[in-house]
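Engineer: Could you look at this predicted model? Sequence included:
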Amino acid sequence: MQRTSQLNPSAHASRGWLNGFIGVLIFSGSLPATRLAVLEFDPVFLTVARASIAALLGLGLLAFFKEQRPTPNQWKPLLIVALGVVIGFPLLTALALQYVTSAHSIVFIGLLPLATAVFGVLRGGERPRPVFWLFSLLGSGLVMAYALSQGLSAAPVGDLLMLLAVLVCGLGYAEGATLSRTLGGWQVICWALVISLPVVLPLATILAPASFTGISLAAWLSLGYVSLFSMLIGFVFWYRGLAQGGIAAVGQLQLLQPFFGLALAATLLHESVSVGMLVVTVAVIACVAGAKKFAR
């Protein structure tokens, strides 16, 4: 069933920015929550457990609303979404957070707008103006310059895992947003989760700890957050926003994610947030205004 909108283009785009902003707010808690969870859960188990919980909820939603199955040509994009955002990004970030702090990893999220925009061109057929790329590259360059200034050799494995996570996430975002134009935002993430269920549920059962005794409440709450909000609810708003406002344009809102994430890391995990981190974050946030202006 094709989803269409009766709103005029301006109102449609405004709703896209609002939905995208809500999605970014929800995703901002993902890395701090993951950091808390991997202190007590194995990262691979955490990845398949969060996907399993979200997939079972997604399956229930699809059954409750009696959603039609995707068409044959929609299954391949759904598989890409599943590999990118259901398995790839959560697994790579969980592994990375064994080597780096959540505050450090959040800085890499500043690269997501560029990755999403590139895949929006390759997979979504979008064509932003040349000046857009200048602002997007500037924001990403500032992020990487800061990371280099901190010495990537201190945790090269963690940084490499974060870079790979950004790439697969950008692809999953663009693919899902493109598919959302016809399948619907929440339907895309639910079907992608369902596709992964035959893999992640058995793995979650096999990799589950022999005993959950001693697991703290903070770890359980973190698992709940990344399962319900990061893996499901956040994508409902995010894919809808990307589809409504444009992948490249709304994708630049991800430049706000480091700011919110750093604040959460400092508040909840008591991690140090340096002046340099704040300066870089403010600078890349400034780039979103210019990128937004020239995205179309």
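Structural biologist: Received it, and whenever you're ready, just let me know what you need.
Engineer: for the protein, what are the low-confidence residue spans?
Structural biologist: For the chain, residues meeting the criterion pLDDT under 70 lie at 1-9, 103, 147-148, 150-154, 296.
Engineer: Longest helix in it, by number of residues?
Structural biologist: helix 156-183 (DSSP state H).
Engineer: and the angle from the helix or strand following that one to helix 156-183?
Structural biologist: Counting by DSSP states H and E, the next helix or strand C-terminal to helix 156-183 is helix 185-207. Relative orientation of helix 185-207 versus helix 156-183 (axes from the mean of the first three to the mean of the last three Cα atoms, to 10 degrees): 140 degrees.
Engineer: Quick one: list the elements packing against helix 185-207.
Structural biologist: The contact analysis (3 or more Cβ pairs under 8 Å, 6 or more residues apart in numbering; DSSP states H and E) places helix 185-207 against helix 43-64, helix 75-81, helix 156-183, helix 234-245. Every residue, glycine included, has its C-beta placed from N, CA and C.
Engineer: what's the offset of the longest helix of the chain from the middle of its chain?
Structural biologist: Relative to its chain's centre, helix 156-183 lies at 7 Å (Cα atoms, centre = their mean, to the nearest Å).
Engineer: repeat for stretch 172-186
Structural biologist: What separates the centre of stretch 172-186 from the centre of its chain is 14 Å, taken as Cα atoms, centre = their mean.
Engineer: Show me what it is in contact with.
Structural biologist: With contact meaning Cβ atoms under 8 Å, 6 or more residues apart in numbering, stretch 172-186 is reached by 1-3, 19, 61, 70, 74, 77-78, 80-81, 83-86, 88-89, 112, 116, 119-120, 122-125, 187-189, 191-192, 235-240, 242-243, 247, 251.
Engineer: and if we set it to 6 Å?
Structural biologist: Here stretch 172-186 makes contact (Cβ atoms under 6 Å, 6 or more residues apart in numbering) with 2-3, 77, 80-81, 84-85, 116, 119-120, 123-124, 188, 236, 239-240, 242-243, 247.
Engineer: And stretch 93-106, by the same measure?
Structural biologist: Contact with stretch 93-106 is made by 31-32, 34-35, 38, 43, 46-47, 155, 157-158, 161-162, 165, 258, 261-262, 265, 271, 273, as judged by Cβ under 6 Å, 6+ apart.
Engineer: which of those are buried?
Structural biologist: Buried by 16 or more other Cβ atoms under 10 Å: 31-32, 34-35, 38, 43, 46-47, 155, 158, 161-162, 165, 258, 261-262, 265, 271, 273, out of these.
Engineer: Buried ones in the longest helix of the chain, by neighbour count?
Structural biologist: Here helix 156-183 shows 158-159, 161-183 as buried, counting by 16+ other Cβ under 10 Å.
Engineer: Now do that helix and helix 234-245, the angle between them.
Structural biologist: Taking the same axes, to 10 degrees, one finds helix 156-183 and helix 234-245 inclined to each other by 60 degrees.
Engineer: Could you shift the numbering so residue one becomes 580, and keep it that way?
Structural biologist: Yes, from this point I'll number from 580; that puts the last item at helix 735-762.
Engineer: ok, the residue nearest to F624 when sequence neighbours are not counted - how many residues close by?
Structural biologist: With sequence-adjacent residues excluded and distances taken as Cβ to Cβ, 6 or more residues apart in numbering, F624 is closest to L786, at 4.2 Å. Other residues within reach of L786, judged by other Cβ atoms under 10 Å, total 15.
Engineer: Distance check, L786 against V627.
Structural biologist: Relative to V627, L786 is positioned 7 Å away (Cβ to Cβ, to the nearest Å).
Engineer: Next: G793.
Structural biologist: Computed as Cβ to Cβ, the G793 to V627 distance reads 21 Å.
Engineer: and what of G755?
Structural biologist: In this view, G755 and V627 are 20 Å apart by Cβ to Cβ.
Engineer: From A798, how far out is F791?
Structural biologist: To A798, F791 is 10 Å away according to Cβ to Cβ.
Engineer: And these two? Which one has more around it.
Structural biologist: A798 (19 against 11).
Engineer: Without its sequence neighbours, what residue ends up closest to that one?
Structural biologist: Among residues not flanking A798 along the chain, E619 sits closest, at 4.2 Å (Cβ to Cβ, 6+ apart).
Engineer: Now the one you found, what are its backbone angles?
Structural biologist: phi -130, psi -20 (degrees, to the nearest 10).
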